[in-house]
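S.K.: predicted structure and sequence below. I'll ask about it afterward.
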Amino acid sequence: MKIIIIGAGIGGLAAAVSLHEVGLRDITVYERSTSIRGLGVGINLLPHALRELSELGIAESITELGVAPTTLSYFNRHGQAIWSEPRGIAAGYRWPQLSVHRGRLQLALRDLAEARLTEPIRLGHRLIGVRSNADGTESARFATDDGELEVTADVIVGADGIHSALRALRHPAEGAPPWSGLTLWRGVTRIPAFLDGRTMIMAGDAEQKFVAYPLSAADADGRMLVNFIAERRVGGTGDADWNRAVDPAPIAELFRDWRFDWLDVPAAIAAADEILEYPMVDRDALGQWTFGRTTLLGDAAHAMYPNGSNGGSQAILDARTLAFHLATAEDSPAGIDTALARYEDARRPAMTALLAATRATGPERVMQLARERAPQGFADIDEVIPRAERERIAADYKTAAGFLPEILNDRPSLTPAAIRPNGAVR
Ligand SMILES: Cc1cc2nc3c(=O)[nH]c(=O)nc-3n(C[C@H](O)[C@H](O)[C@H](O)COP(=O)(O)OP(=O)(O)OC[C@H]3O[C@@H](n4cnc5c(N)ncnc54)[C@H](O)[C@@H]3O)c2cc1C
């Protein structure tokens, strides 16, 4: 079975490694960029993604790139605590959560893919067209510096991100990703360790918010590398550009009153070397991912807002699910059709629900409720949002995202039984 993957982001590379792990060998990744530069700032991988990386046998090399947060805490814009919950192993999962630099993660996955695949990653290949052939195969057309090139395969996987060319070819009326009206500024800063040094924090509400999590342990001078996302509703066009660098000073000024006794937000923003600005956009849920033997994966299928920290993790789950079904269906053209249908059945309804939950501000709903019910702050959070309500909001999101500890810990492996050592559930 010949498989083409479009895009060498986290989803495409995870798909390449996953397909190889289940015994598929004719896999080629085509990437638009002429080099994989490992762009971006921090990304969180949730326990459901760490489970898949662990079953792929690559969790160790990824884990050493990041920090495992033990707690997630939500605050209002006055720095008062609303909700706090353990994360990863501390929350009862068999796998940790991991905060990691997106670029380092992408480069590590690239190295793993290059070490395993027989075909090198084809850089400088931009997908511009697809064609279904009478024999059921699919042909992909690429623009390269040397002209156009057509490649035919049994399966084409579009892992080409939020601006996916394959998605646009299949859904030509869709247009640009809808904008939430919020602008995000992402950066990495070196600041004094806050709280216990392993806590991810979110402060604010749906109008203005600050999220921060460590990307390193504290060094000898007590400072640590921290990833942050500052967010605010401002004017703009909603034109998505991941790499627009902006001056930190005016962004720090937007947060000038956010000096908590445990974190100085404007100082953290001002200390960033570089801040990347982009509008908070996502994609509407699709009614169909698979056309013929082409399908979508990761952001191409279900780009979502970063609240909930699920984009990278869900791309990894897609990759593993697709590999499982391609490996376990009959090895025939009809078997491929069945596998793609099973992949879409397993993933698309779940991602439709998760997109809706994420648009409804996901687990951050507690912050908005605190703002609505106690805009000037509170003496006792229990009188503002009873504990049972806060617990329900946290659990509802985990259910939608498929990572309630008891469900994740006990669900069957996505490694086909035939290739598990001794048939064991890993
Ligand atoms: C430059 C960049 C920086 C990011 N930074 C962050 C961050 O700091 N924090 C965070 O949480 N998330 C970030 N993300 C998003 C995050 O990586 C994704 O949400 C998640 O990992 C899902 O990944 P994906 O592989 O589906 O898509 P992506 O990571 O977007 O990867 C898609 C890949 O497809 C390639 N591609 C696009 N179009 C074509 C085409 N026509 N032909 C061939 N290849 C194509 C792209 O160059 C890219 O390598 C970033 C994404 C990008 C592209």
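M.R.: The structure has been received and is ready for your questions. Numbering: from 1, shown residues only.
S.K.: quick one: contacts for Asp205?
M.R.: 76-77, 367-368, 370-371 (Cβ atoms under 8 Å, 6 or more residues apart in numbering). All C-beta atoms are positioned from the backbone trio N, CA, C, and that covers glycine.
S.K.: can you name the residue of the stretch 301-426 of the chain nearest the ligand?
M.R.: Using Cβ to the nearest ligand atom, the point where the stretch 301-426 of the chain gets nearest to the ligand is Gly311, with a distance of 3.0 Å.
S.K.: hang on, that residue packs against Ala300?
M.R.: No: assessed by Cβ atoms under 8 Å, Gly311 is found out of contact with Ala300, at 11.4 Å.
S.K.: who's more crowded, those two?
M.R.: Shown here are Gly311 and Ala300; by other Cβ atoms under 10 Å, Ala300 has more neighbours (31 against 22).
S.K.: tell me the helices and strands packed up against the longest helix along the chain.
M.R.: Ranked by residue count and defined by DSSP state H, the top helix of the chain is helix 333-359. Counting by 3 or more Cβ pairs under 8 Å, 6 or more residues apart in numbering; DSSP states H and E, the packing neighbours recorded for helix 333-359 are strand 294-296, helix 299-302, helix 311-328, helix 387-401.
S.K.: if you count neighbours, what's buried in it?
M.R.: Using 16 or more other Cβ atoms under 10 Å as the test for burial, helix 333-359 gives 336-340, 342-344, 346-348, 350-351, 354-355, 357-359.
S.K.: now the helices for the stretch 151-300 of the chain?
M.R.: If DSSP state H, counting those that start in this stretch is used as the criterion, the helices of the stretch 151-300 of the chain fall at 165-170, 248-254, 265-270, 299-302.
S.K.: tell me the contacts of the residue of the stretch 251-400 of the chain found nearest the ligand?
M.R.: The shortest separation between the stretch 251-400 of the chain and the ligand is 2.3 Å, found at Gly298 (distances taken as Cβ to the nearest ligand atom). Listed by Cβ under 8 Å, 6+ apart, the contact set of Gly298 reads 7, 9-12, 159, 161, 311, 314-315, 318-319.
S.K.: relative to the helix or strand hosting Ile4, what are the paired strands and their orientations?
M.R.: For Ile4, the enclosing helix or strand under DSSP states H and E is strand 2-6. Strand 2-6 has these partner strands in its sheet, going by DSSP bridges: strand 26-30 (parallel), strand 155-158 (parallel).
S.K.: point me to the residue of the stretch 1-150 of the chain nearest the ligand.
M.R.: Gly9 (1.9 Å).
S.K.: neighbours of the residue lying closest to that residue once chain neighbours are set aside, how many?
M.R.: Of all residues not flanking Gly9 in the chain, Gly161 sits nearest, at 5.8 Å (Cβ to Cβ, 6 or more residues apart in numbering). Other residues within reach of Gly161, judged by other Cβ under 10 Å, total 21.
S.K.: flag the shaky bits of the chain, pLDDT-wise.
M.R.: Screening the chain residue by residue with the criterion pLDDT under 70, one finds the ranges 236-243, 420-426.
S.K.: who in it is up against the ligand?
M.R.: For the chain, the contact set with the ligand under Cβ under 6 Å from any ligand atom comprises 6-12, 30-33, 39-41, 43, 102, 126-127, 159-161, 165, 186, 242, 298-300, 306, 311-312, 315.
S.K.: you'd agree Phe368 is up against Thr361?
M.R.: Heads up, residue 368 is Gln, not Phe. Yes: in this structure, Gln368 is within contact of Thr361 by Cβ under 8 Å, at 5.9 Å.
S.K.: which neighbours do the two have in common?
M.R.: Between them, Gln368 and Thr361 have Ala206 as joint contacts when contacts are counted by Cβ under 8 Å, 6+ apart.
S.K.: between the two, tell me which one has more neighbours.
M.R.: Thr361 (20 against 16).
S.K.: Gly23: which of the contacts of Gly298 is nearest?
M.R.: Within the set of the contacts of Gly298, Ala319 lies nearest Gly23; the separation is 15.2 Å, counting by Cβ to Cβ.
S.K.: mind checking how far that closest one is from His125?
M.R.: According to Cβ to Cβ, to the nearest Å, Ala319 stands 20 Å off from His125.
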